[in-house]
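Peer 1: test case, fold it:
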Amino acid sequence: MTRFLRPLLRGTTYTRLLHLWVPMLVVSVWLFIDMATPWVPALVLVPVGLVPAVRMGEGVQARLLLTPGEGDPGISVTPSATWRDRLRTVVWLEVRMALGAAAVCATVWLPLLAYDLARAASGHVPVDVPVLDQAEPHWTYALLIPLPVVAFYGVVVGLGELVTTAARRLLGPTAAERLAALEERTEQLLERTRIARELHDSIGHALTVAVVQAGAARAAGDPEFTDRALGAIEETGRAALEDLERVLGVLRESERPVSGRPTLTDADRLLESARASGAEVDAEVTGALDTVPGPVSREGYRILQEALTNVLRHAGAVPVRVRVTVTDGALVLEVRNPLTAPVPGPGRGSGLRGIRERAALLGGRAHTGPDEGDWLIRVNLPGHRALREGSVPR
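Peer 2: Below you'll find the predicted structure:
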């Protein structure tokens, strides 16, 4: 019994009833003007439904009154973009008016019927319902009173569910809108993944440099070397803070452009940071870095950052050879350092995996592993031609 009466305790039941009553206010005004042509409001709804903004207004009403509080009600709040959307809106307006007429009739006449049955059962002549105006008062009419009450309950709850289902079918998102929502969700997930990678690369690089510099300064016991180490830690920490502030800015402003992200033209600070940590970095750049496409240059910077971090973390202050080759915007990045210990098995770190993922997202290739006694990270990223031809996955 409690489950049966539960819909009467929900506010949604009554907001849906209100949603059905609203269009009937206009109809009642017209019927007050001309009772002989009740079909005119239904005819007027046809050109009204063809107006693109009407679909958005109906969607807003449906969300507020039919599905209040639902996270994803499946009802669109965008204007009509195609004729199919317009026709669906016209059908929705007609359906809403028909269900509204049924709701008004039921919610008015069923309570009156229950009242007249109660009058007839108590010995009075019914006056409100024409069907009972000739009935003789008798106590047995009391047995019929629950029927219009139950019918009233069924109409209020049932029509509410019916109009909500119709709204989802007729005002629901089109295939294009669903695709756009899916693409937006995909972009959000990719952005979260990119931010996680950038934080890992930037903060991980800064902490690795700080740890290496602090350890070297303590072991050296040389005040001059300690000053240089502290300067390198300060510079690397400041750069990491700038990266952190930029990433947090992206989180605060979702529409902020990515042009502020560092590119390979800013790679000097990475090389100087590695040199300040004790590594002997031999860098050679062939080609013009400013001809590298923006996405490739930005991801190349992060790949180089992670490669140098990997050297400092696992090999320490060893000679590092960095080769950057640019040909028609295509980029070949190679970082090689001597192996100072046996190659470990697969670990839990995400640095090398992130390098491979960054390269794959740009349609490139990455090789990481031993090579002739050295550890080699070699990345090939596409240039302008591949970007123009659309071979790079989005």
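Peer 1: only C-alpha atoms for contact and neighbour calcs from this point on.
Peer 2: Noted.
Peer 1: which strand or helix spans L331?
Peer 2: strand 330-338 (DSSP states H and E).
Peer 1: quick check: mean pLDDT across that strand?
Peer 2: The pLDDT scores in strand 330-338 average 91.
Peer 1: pull up the pairing partners for it, direction included.
Peer 2: strand 319-327 (antiparallel), strand 374-381 (antiparallel) (DSSP bridges).
Peer 1: contacts for it next, please.
Peer 2: 292, 296, 300, 304, 307-308, 311, 315, 318-326, 373-384 (Cα atoms under 8 Å, 6 or more residues apart in numbering).
Peer 1: one step back: mind checking the strands paired with strand 330-338 for the one nearest to T368?
Peer 2: Among the strands paired with strand 330-338, the nearest to T368 by Cα to Cα is strand 374-381 (4.5 Å).
Peer 1: buried sites along the closest one?
Peer 2: The neighbour-count check on strand 374-381 (16 or more other Cα atoms under 10 Å) flags W375, L376, I377, R378, V379, N380, L381 as buried.
Peer 1: where does this protein dip in pLDDT?
Peer 2: Flagging of the chain using pLDDT under 70 yields the residue ranges 1, 126-135, 175-176, 179-191, 193-194, 198, 246-260, 341-350, 384-394.
Peer 1: sec struct for the residue of it most remote from its centre, please.
Peer 2: For the chain, the residue at maximal distance from the C-alpha centroid (Cα atoms, centre = their mean) is E136, at 66.1 Å. The three-state assignment at E136 reads coil, by DSSP: H, G, I helix; E, B strand; the rest coil.
Peer 1: what ranges do the helices span in this structure?
Peer 2: 2-5, 11-33, 40-49, 52-65, 83-121, 146-170, 175-220, 223-252, 268-276, 294-314, 351-361, 384-389 (DSSP state H).
Peer 1: and the end-to-end length of stretch 284-303?
Peer 2: End-to-end distance of stretch 284-303: 16 Å, with Cα to Cα, to the nearest Å as the criterion.
Peer 1: quick one: contacts of it?
Peer 2: Outside stretch 284-303, the residues within contact range by Cα under 8 Å, 6+ apart are 198, 201-202, 261-267, 322-331, 333, 355, 358-359, 362, 381-384.
Peer 1: what of stretch 86-104?
Peer 2: 17, 20-24, 42, 45-52, 54-55, 80, 155-156, 159, 163, 166-167, 170-171.
Peer 1: got a quick ChimeraX command for the buried subset of the residues you listed?
Peer 2: For the buried members of the contacts of stretch 86-104, the matching ChimeraX selection, counting by 16+ other Cα under 10 Å, is:
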select :17,20,21,23,24,45,46,48,49,50,52,54,55,80,155,156,159,163,166,167,170,171
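Peer 1: contacts only, for L17.
Peer 2: For L17, the contact set (Cα under 8 Å, 6+ apart) comprises A103, V156, L159, G160.
Peer 1: 7 Å instead?
Peer 2: When contacts are counted by Cα atoms under 7 Å, 6 or more residues apart in numbering, L17 touches V156, G160.
Peer 1: repeat that for T263.
Peer 2: T263 makes contact with S297, R298, Y301 under the criterion Cα under 7 Å, 6+ apart.
Peer 1: could you export those as a markdown table, including neighbour count?
Peer 2: A markdown table is the format used below for those (neighbours: other Cα atoms under 10 Å):
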| residue | neighbour count |
| --- | --- |
| S297 | 25 |
| R298 | 20 |
| Y301 | 20 |
